[in-house]
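S.K.: next input, structure requested:
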Amino acid sequence: MTVERTSPKPGVAMLRLTGAAASASFSRASLPVIAKAIDEVLNDAEVHALVITGEGRFFSAGADIDAFAASIEAGEAPALIRDLTGHLHPLLLRMRTSSTICVAAINGAAAGGGLGLALACDARVASTDARLAASYAGMGLSPDGGSTWLLPRLVGTQVARRFFFDNTIWDAQEAYDRGAVDYLVPAEHLIDTALGVAVAWSGWSEHVREATKHLLHVESDNDLATHLDHERTLIEAAGTTKAFEEGVEAFLARRRPKSD
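M.R.: Numbering: from 1, shown residues only. Here you go, the predicted model:
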(Lines give C-alpha, C1' and ligand atoms only; values in the text may rest on other atoms or scores of the structure.)
Protein backbone atom coordinates (compact mmCIF):
# COMPACT_ATOMS: atom_id res chain seq x y z
CA MET A 1 0.00 0.00 0.00
CA THR A 2 1.45 3.32 -1.01
CA VAL A 3 0.81 6.74 -2.46
CA GLU A 4 3.20 7.56 -5.27
CA ARG A 5 3.99 11.24 -5.85
CA THR A 6 5.36 12.48 -9.16
CA SER A 7 5.73 15.89 -10.81
CA PRO A 8 4.65 15.34 -14.42
CA LYS A 9 4.36 19.07 -15.19
CA PRO A 10 5.89 22.20 -13.65
CA GLY A 11 3.75 23.29 -10.72
CA VAL A 12 1.66 20.10 -10.86
CA ALA A 13 1.89 17.13 -8.49
CA MET A 14 0.26 13.77 -9.15
CA LEU A 15 -0.62 11.29 -6.44
CA ARG A 16 -1.33 7.71 -7.47
CA LEU A 17 -3.07 5.52 -4.91
CA THR A 18 -1.78 1.96 -5.28
CA GLY A 19 -2.51 -1.35 -3.64
CA ALA A 20 -4.67 -1.08 -0.53
CA ALA A 21 -4.56 2.72 -0.77
CA ALA A 22 -6.78 2.33 -3.85
CA SER A 23 -8.75 -0.86 -3.12
CA ALA A 24 -9.40 -0.18 0.59
CA SER A 25 -8.52 3.49 0.99
CA PHE A 26 -10.37 4.16 4.20
CA SER A 27 -8.69 2.04 6.82
CA ARG A 28 -6.66 3.04 9.85
CA ALA A 29 -3.56 2.10 7.88
CA SER A 30 -4.31 3.68 4.50
CA LEU A 31 -6.21 6.87 5.24
CA PRO A 32 -3.52 8.66 7.31
CA VAL A 33 -1.02 7.94 4.52
CA ILE A 34 -3.37 9.37 1.88
CA ALA A 35 -4.19 12.41 4.01
CA LYS A 36 -0.51 13.10 4.74
CA ALA A 37 0.39 12.88 1.03
CA ILE A 38 -2.40 15.26 0.01
CA ASP A 39 -1.58 17.68 2.84
CA GLU A 40 2.06 17.81 1.76
CA VAL A 41 0.97 18.82 -1.73
CA LEU A 42 -1.52 21.41 -0.49
CA ASN A 43 1.19 22.94 1.74
CA ASP A 44 3.81 23.03 -1.03
CA ALA A 45 4.02 26.62 -2.29
CA GLU A 46 5.62 25.45 -5.54
CA VAL A 47 2.61 23.29 -6.44
CA HIS A 48 -0.47 24.96 -7.90
CA ALA A 49 -2.39 21.84 -8.95
CA LEU A 50 -2.87 18.30 -7.75
CA VAL A 51 -4.02 15.31 -9.81
CA ILE A 52 -5.25 12.28 -7.85
CA THR A 53 -5.63 8.91 -9.52
CA GLY A 54 -5.72 5.24 -8.60
CA GLU A 55 -4.50 1.90 -9.86
CA GLY A 56 -6.11 -0.84 -11.92
CA ARG A 57 -9.82 -1.26 -11.23
CA PHE A 58 -9.87 1.24 -8.37
CA PHE A 59 -9.65 5.00 -8.08
CA SER A 60 -10.48 4.89 -4.37
CA ALA A 61 -12.84 2.13 -3.36
CA GLY A 62 -13.86 3.16 0.12
CA ALA A 63 -13.64 1.32 3.40
CA ASP A 64 -11.87 -1.86 4.41
CA ILE A 65 -14.90 -4.11 4.94
CA ASP A 66 -12.87 -6.73 6.80
CA ALA A 67 -11.92 -4.03 9.30
CA PHE A 68 -15.59 -3.11 9.64
CA ALA A 69 -16.43 -6.74 10.42
CA ALA A 70 -13.65 -6.94 13.01
CA SER A 71 -14.78 -3.68 14.61
CA ILE A 72 -18.34 -5.00 14.93
CA GLU A 73 -17.03 -8.18 16.56
CA ALA A 74 -14.92 -6.09 18.98
CA GLY A 75 -17.76 -3.69 19.71
CA GLU A 76 -15.78 -0.70 18.46
CA ALA A 77 -17.44 0.15 15.15
CA PRO A 78 -18.40 3.71 16.17
CA ALA A 79 -14.82 4.37 17.29
CA LEU A 80 -13.45 3.12 13.96
CA ILE A 81 -15.89 5.28 12.01
CA ARG A 82 -15.01 8.28 14.18
CA ASP A 83 -11.31 7.73 13.52
CA LEU A 84 -11.80 7.47 9.77
CA THR A 85 -14.08 10.47 9.40
CA GLY A 86 -11.74 12.40 11.69
CA HIS A 87 -9.07 12.06 9.01
CA LEU A 88 -11.27 12.26 5.92
CA HIS A 89 -13.63 15.15 6.62
CA PRO A 90 -11.00 17.79 7.54
CA LEU A 91 -8.97 16.67 4.51
CA LEU A 92 -11.90 17.24 2.15
CA LEU A 93 -12.48 20.69 3.61
CA ARG A 94 -8.82 21.59 3.11
CA MET A 95 -9.03 20.49 -0.52
CA ARG A 96 -12.14 22.61 -1.08
CA THR A 97 -10.68 25.76 0.47
CA SER A 98 -7.08 25.51 -0.72
CA SER A 99 -5.83 27.65 -3.60
CA THR A 100 -4.46 24.42 -5.11
CA ILE A 101 -6.53 23.15 -8.03
CA CYS A 102 -7.49 19.52 -7.35
CA VAL A 103 -8.33 17.21 -10.27
CA ALA A 104 -9.58 13.64 -9.90
CA ALA A 105 -8.44 11.33 -12.70
CA ILE A 106 -10.98 8.57 -12.11
CA ASN A 107 -9.55 5.40 -13.60
CA GLY A 108 -11.92 2.90 -11.94
CA ALA A 109 -14.28 2.56 -9.00
CA ALA A 110 -14.83 5.60 -6.76
CA ALA A 111 -17.00 4.32 -3.92
CA GLY A 112 -17.94 5.32 -0.39
CA GLY A 113 -15.35 7.74 0.96
CA GLY A 114 -13.55 7.45 -2.38
CA LEU A 115 -16.60 9.00 -4.00
CA GLY A 116 -16.32 11.90 -1.56
CA LEU A 117 -12.63 12.27 -2.43
CA ALA A 118 -13.47 12.56 -6.13
CA LEU A 119 -16.40 14.93 -5.54
CA ALA A 120 -14.28 17.22 -3.36
CA CYS A 121 -11.95 17.91 -6.28
CA ASP A 122 -12.43 20.97 -8.47
CA ALA A 123 -12.74 18.85 -11.62
CA ARG A 124 -13.29 15.21 -12.41
CA VAL A 125 -11.92 13.46 -15.49
CA ALA A 126 -13.25 9.93 -15.92
CA SER A 127 -12.02 7.13 -18.11
CA THR A 128 -14.59 4.85 -19.70
CA ASP A 129 -13.68 2.32 -16.98
CA ALA A 130 -14.78 4.63 -14.17
CA ARG A 131 -17.64 3.77 -11.82
CA LEU A 132 -19.27 5.93 -9.14
CA ALA A 133 -21.05 4.31 -6.20
CA ALA A 134 -22.21 5.42 -2.77
CA SER A 135 -22.63 1.88 -1.38
CA TYR A 136 -23.65 3.13 2.06
CA ALA A 137 -27.27 1.96 2.17
CA GLY A 138 -26.35 -1.62 1.35
CA MET A 139 -23.99 -1.60 4.34
CA GLY A 140 -26.64 -0.19 6.67
CA LEU A 141 -24.82 3.15 6.82
CA SER A 142 -25.82 6.72 6.09
CA PRO A 143 -23.56 8.57 3.63
CA ASP A 144 -20.45 10.51 4.60
CA GLY A 145 -17.39 11.99 2.94
CA GLY A 146 -19.33 15.12 2.04
CA SER A 147 -21.18 13.21 -0.67
CA THR A 148 -24.65 14.43 0.35
CA TRP A 149 -23.41 18.05 0.19
CA LEU A 150 -21.24 17.79 -2.91
CA LEU A 151 -23.22 15.53 -5.24
CA PRO A 152 -26.50 17.52 -5.18
CA ARG A 153 -24.56 20.62 -6.21
CA LEU A 154 -23.39 18.79 -9.32
CA VAL A 155 -26.44 16.77 -10.36
CA GLY A 156 -29.40 18.23 -8.45
CA THR A 157 -31.04 17.13 -5.23
CA GLN A 158 -33.54 14.62 -6.60
CA VAL A 159 -31.04 12.89 -8.87
CA ALA A 160 -28.72 12.59 -5.87
CA ARG A 161 -31.60 11.30 -3.74
CA ARG A 162 -32.28 8.52 -6.24
CA PHE A 163 -28.57 7.72 -6.44
CA PHE A 164 -28.35 7.18 -2.69
CA PHE A 165 -31.67 5.44 -2.09
CA ASP A 166 -31.48 3.23 -5.17
CA ASN A 167 -27.95 2.33 -4.01
CA THR A 168 -27.03 2.49 -7.65
CA ILE A 169 -23.74 2.38 -9.52
CA TRP A 170 -23.21 4.92 -12.28
CA ASP A 171 -20.99 3.86 -15.13
CA ALA A 172 -18.75 6.50 -16.65
CA GLN A 173 -21.25 7.53 -19.32
CA GLU A 174 -24.12 8.03 -16.87
CA ALA A 175 -21.88 9.91 -14.45
CA TYR A 176 -20.89 12.21 -17.31
CA ASP A 177 -24.45 12.61 -18.55
CA ARG A 178 -25.63 13.49 -15.02
CA GLY A 179 -22.86 16.06 -14.56
CA ALA A 180 -21.02 14.19 -11.82
CA VAL A 181 -17.86 14.16 -13.96
CA ASP A 182 -16.69 16.93 -16.26
CA TYR A 183 -14.75 15.02 -18.91
CA LEU A 184 -15.11 11.47 -20.25
CA VAL A 185 -12.17 10.06 -22.17
CA PRO A 186 -10.71 6.69 -23.22
CA ALA A 187 -8.49 5.16 -20.56
CA GLU A 188 -5.32 5.86 -22.54
CA HIS A 189 -6.06 9.61 -22.51
CA LEU A 190 -7.08 9.88 -18.84
CA ILE A 191 -3.86 11.20 -17.31
CA ASP A 192 -2.98 13.54 -20.17
CA THR A 193 -6.47 15.07 -20.06
CA ALA A 194 -6.38 15.47 -16.29
CA LEU A 195 -2.96 17.08 -16.48
CA GLY A 196 -4.22 19.42 -19.19
CA VAL A 197 -7.07 20.58 -16.94
CA ALA A 198 -4.68 20.93 -13.99
CA VAL A 199 -2.25 23.06 -15.99
CA ALA A 200 -4.96 25.27 -17.49
CA TRP A 201 -6.89 25.90 -14.29
CA SER A 202 -3.82 26.44 -12.14
CA GLY A 203 -2.34 28.97 -14.54
CA TRP A 204 -4.25 31.81 -12.89
CA SER A 205 -2.91 33.75 -9.93
CA GLU A 206 -3.15 32.41 -6.40
CA HIS A 207 -5.78 35.01 -5.49
CA VAL A 208 -7.92 34.11 -8.49
CA ARG A 209 -7.74 30.42 -7.63
CA GLU A 210 -8.35 30.79 -3.91
CA ALA A 211 -11.05 33.48 -4.11
CA THR A 212 -12.96 31.77 -6.93
CA LYS A 213 -12.91 28.42 -5.12
CA HIS A 214 -14.00 30.10 -1.90
CA LEU A 215 -16.90 32.01 -3.51
CA LEU A 216 -18.19 28.89 -5.23
CA HIS A 217 -17.83 26.92 -1.99
CA VAL A 218 -19.97 29.32 0.07
CA GLU A 219 -22.47 30.53 -2.54
CA SER A 220 -25.28 28.23 -1.40
CA ASP A 221 -24.87 29.38 2.21
CA ASN A 222 -25.31 33.09 1.45
CA ASP A 223 -28.25 35.19 0.35
CA LEU A 224 -27.51 37.33 -2.69
CA ALA A 225 -26.86 40.54 -0.76
CA THR A 226 -24.34 38.83 1.52
CA HIS A 227 -22.67 37.13 -1.41
CA LEU A 228 -22.36 40.40 -3.35
CA ASP A 229 -20.62 41.97 -0.35
CA HIS A 230 -18.31 38.96 -0.20
CA GLU A 231 -17.49 39.25 -3.90
CA ARG A 232 -16.82 42.98 -3.48
CA THR A 233 -14.34 42.41 -0.66
CA LEU A 234 -12.41 39.81 -2.62
CA ILE A 235 -12.34 41.66 -5.94
CA GLU A 236 -11.14 44.80 -4.13
CA ALA A 237 -8.32 42.71 -2.66
CA ALA A 238 -7.53 41.42 -6.14
CA GLY A 239 -7.07 45.02 -7.26
CA THR A 240 -3.93 45.24 -5.14
CA THR A 241 -2.19 42.25 -6.73
CA LYS A 242 0.54 42.05 -9.34
CA ALA A 243 -1.65 39.56 -11.21
CA PHE A 244 -4.25 42.31 -11.74
CA GLU A 245 -1.61 44.69 -13.09
CA GLU A 246 -0.34 41.96 -15.42
CA GLY A 247 -3.85 41.02 -16.52
CA VAL A 248 -4.74 44.58 -17.51
CA GLU A 249 -1.42 45.03 -19.32
CA ALA A 250 -1.90 41.72 -21.16
CA PHE A 251 -5.46 42.62 -22.16
CA LEU A 252 -4.37 45.97 -23.61
CA ALA A 253 -1.45 44.31 -25.42
CA ARG A 254 -3.77 41.57 -26.76
CA ARG A 255 -1.65 38.75 -25.30
CA ARG A 256 -2.13 36.06 -22.70
CA PRO A 257 -1.28 37.10 -19.14
CA LYS A 258 1.85 35.62 -17.63
CA SER A 259 1.20 33.06 -14.90
CA ASP A 260 2.62 33.25 -11.36
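S.K.: going forward, measure contacts and count neighbours with C-alpha atoms only.
M.R.: OK.
S.K.: burial of Leu93, as a residue count?
M.R.: By other CA atoms under 10 Å, the residues close to Leu93 number 13.
S.K.: which ones are touching it?
M.R.: Ala120 (CA atoms under 8 Å, 6 or more residues apart in numbering).
S.K.: so it sits in a helix?
M.R.: Yes - assigned with DSSP: H, G, I helix; E, B strand; the rest coil, Leu93 falls within a helix.
S.K.: distance of it from Leu150?
M.R.: Separation of Leu93 from Leu150 (CA to CA, to the nearest Å): 11 Å.
S.K.: now Ala29
M.R.: 26 Å.
S.K.: comparing those two, which residue is more hemmed in?
M.R.: In this view Ala29 and Leu150 are compared by other CA under 10 Å, and Leu150 has more residues nearby, 20 against 14.
S.K.: surely the more buried one and Ala120 touch.
M.R.: Yes - contact criterion CA atoms under 8 Å: Leu150 and Ala120 qualify, at 7.0 Å.
S.K.: so what sits against both of the two?
M.R.: Contact criterion CA under 8 Å, 6+ apart; no residue bridges Leu150 and Ala120 by contacting each.
S.K.: report pLDDT for His260.
M.R.: For residue 260 the amino acid is Asp, not His. Asp260 is assigned a pLDDT of 64 by the prediction.
S.K.: oh, that last question was meant for Met1, not what I typed.
M.R.: In this model, Met1 carries a pLDDT of 56.
S.K.: likewise Gly203?
M.R.: 94.
S.K.: okay, now it: neighbour count?
M.R.: Number of residues near Gly203 (other CA under 10 Å) recorded here: 19.
S.K.: over to it: give its phi and psi.
M.R.: phi -80, psi -10 (degrees, to the nearest 10).
S.K.: thought it was touching Ser259?
M.R.: Yes - the pair Gly203 and Ser259 qualifies as a contact (CA under 8 Å) at a distance of 5.4 Å.
S.K.: now the spatially closest residue to Ser23 that is not a sequence neighbour, what are its backbone angles?
M.R.: Spatial nearest neighbour of Ser23, excluding adjacent residues (CA to CA, 6 or more residues apart in numbering): Ala61 at 5.1 Å. Main-chain dihedrals, Ala61, degrees, to the nearest 10: phi -100, psi 20.
S.K.: show the contacting residues for Ala61.
M.R.: Shown in contact with Ala61 (CA under 8 Å, 6+ apart): 22-25, 109-115.
S.K.: mark which of the residues you listed are buried, thanks.
M.R.: Those of the contacts of Ala61 that meet the buried threshold are 22-25, 109-115, by 16 or more other CA atoms under 10 Å.
S.K.: so which of those residues belong to helices?
M.R.: Per DSSP state H, helices hold the following members of the buried ones among the contacts of Ala61: 22-23, 113-115.
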